[in-house]
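Trainee: Any chance you can model this:
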Amino acid sequence: MSGMKCSLWVSVFLFASLLFACSGQNHDHNGQSGGLNDKFLSQDLDVSQWVERFEKEGREIFDYRHEIVEALDISKGMIVADIGAGTGLFEPLFAKAVGDNGKVIAVDIAQGFLDRIRGMGLENVETVLCDERSTGLSDGSVDLMFVCDTYHHFSYPEDTLKSMKAALRPGGRLVVVEFHRIEGESSDWIMKHVRADEATFTREIEAAGFEVAGRHELLEENYIIEFSIRH
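Mentor: Below you'll find the predicted structure:
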């Protein structure tokens, strides 16, 4: 009998320890562990450091930025939202593509990035400060939503995708550019930094009410997938 009591208490102790360990990881029901975007939310954000990192030759997204925008088939007068606009690499290109009657909305969680984009003086570009759960965009306000090397930074993808879907107009498109994450092929940095592979991200987006509408075989380190709202 004493042996049974001892086993019971050991089981209770182990279960309590497990609960404590899990609670300490700060996970959300549909998100990643906390702190994912702390460096961008910091008041000490050094924007120039990220300009040097993002806007340099040798970075695939930078080298192929013109080709990427051309592949999106943007028409004059469209409203394009750049989710996770960062340093504003694509803003001048989007602004030219949509023309004077169109609009570009640069969305980011970092005020410092948005300040830099506003400083570009592009008349048809506006900025929106978002949070980690919502884009902050109005319902039915966007024709094309662009997410470049940012989806893996979504701390709460289910919430963010819901907000993105609501912001798209009927017939609107979501374009996701992300790193290939392949065991044995991708760099150690990608394996540690990007939380999941293409198939996993695609399933998440489809579960939010989207469907794959096409692909662009343009890059090597990244893939480009277009989604439409599933009817």
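
Trainee: Where does pLDDT dip in this structure?
Mentor: 1-34, 38-39, 42-43 (pLDDT under 70).

Trainee: Pick out the residue nearest the middle of it.
Mentor: Tyr151 (2.5 Å; Cα atoms, centre = their mean).

Trainee: In contact with that one: list those residues for me.
Mentor: Residues near Tyr151 by Cβ atoms under 8 Å, 6 or more residues apart in numbering: Pro157, Val176, Glu178, Phe201. Where C-beta positions appear, they are placed from N, C-alpha and C, glycine not excepted.

Trainee: what are the C-alpha coordinates of stretch 85-99, in CSV please?
Mentor: Provided in CSV are the C-alpha atoms of stretch 85-99 (Å, rounded to 0.1, in the frame of the first residue of the first chain):
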residue,chain,number,x,y,z
ALA,A,85,7.2,46.4,-44.7
GLY,A,86,10.4,46.7,-42.7
THR,A,87,12.8,49.3,-44.1
GLY,A,88,10.6,50.0,-47.1
LEU,A,89,12.5,48.1,-49.7
PHE,A,90,9.4,47.5,-51.9
GLU,A,91,7.6,50.8,-51.2
PRO,A,92,9.1,52.8,-54.1
LEU,A,93,8.4,50.0,-56.5
PHE,A,94,4.9,49.4,-55.4
ALA,A,95,4.2,53.2,-55.4
LYS,A,96,5.3,53.3,-59.1
ALA,A,97,3.3,50.2,-60.0
VAL,A,98,0.0,51.4,-58.6
GLY,A,99,0.3,54.9,-60.0
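
Trainee: Secondary structure element holding Ala106?
Mentor: strand 103-108 (DSSP states H and E).

Trainee: The chain: helices as residue ranges?
Mentor: Secondary structure of the chain, counting by DSSP state H: helices at 2-23, 38-41, 47-54, 60-63, 65-71, 91-98, 111-118, 157-167, 188-193, 198-207.

Trainee: picking up where we left off before, a markdown table for the contacts of Tyr151, including distance to Glu226 and neighbour count?
Mentor: Formatted as a markdown table, those follow (distance: Cβ to Cβ, whole Å; neighbours: other Cβ atoms under 10 Å):
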| residue | distance to Glu226 | neighbour count |
| --- | --- | --- |
| Pro157 | 18 | 23 |
| Val176 | 8 | 23 |
| Glu178 | 13 | 22 |
| Phe201 | 14 | 22 |
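
Trainee: will you turn the helices of the chain into a markdown table that also has distance to Val125?
Mentor: Output for these, formatted as a markdown table (distance: least, Cβ to Cβ, whole Å):
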| stretch | distance to Val125 |
| --- | --- |
| helix 2-23 | 43 |
| helix 38-41 | 20 |
| helix 47-54 | 17 |
| helix 60-63 | 19 |
| helix 65-71 | 14 |
| helix 91-98 | 5 |
| helix 111-118 | 7 |
| helix 157-167 | 17 |
| helix 188-193 | 28 |
| helix 198-207 | 26 |
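
Trainee: Would you mind saying which of these lies nearest Leu137?
Mentor: Of all the helices of the chain, helix 157-167 sits nearest to Leu137, with 3.8 Å by Cβ to Cβ.
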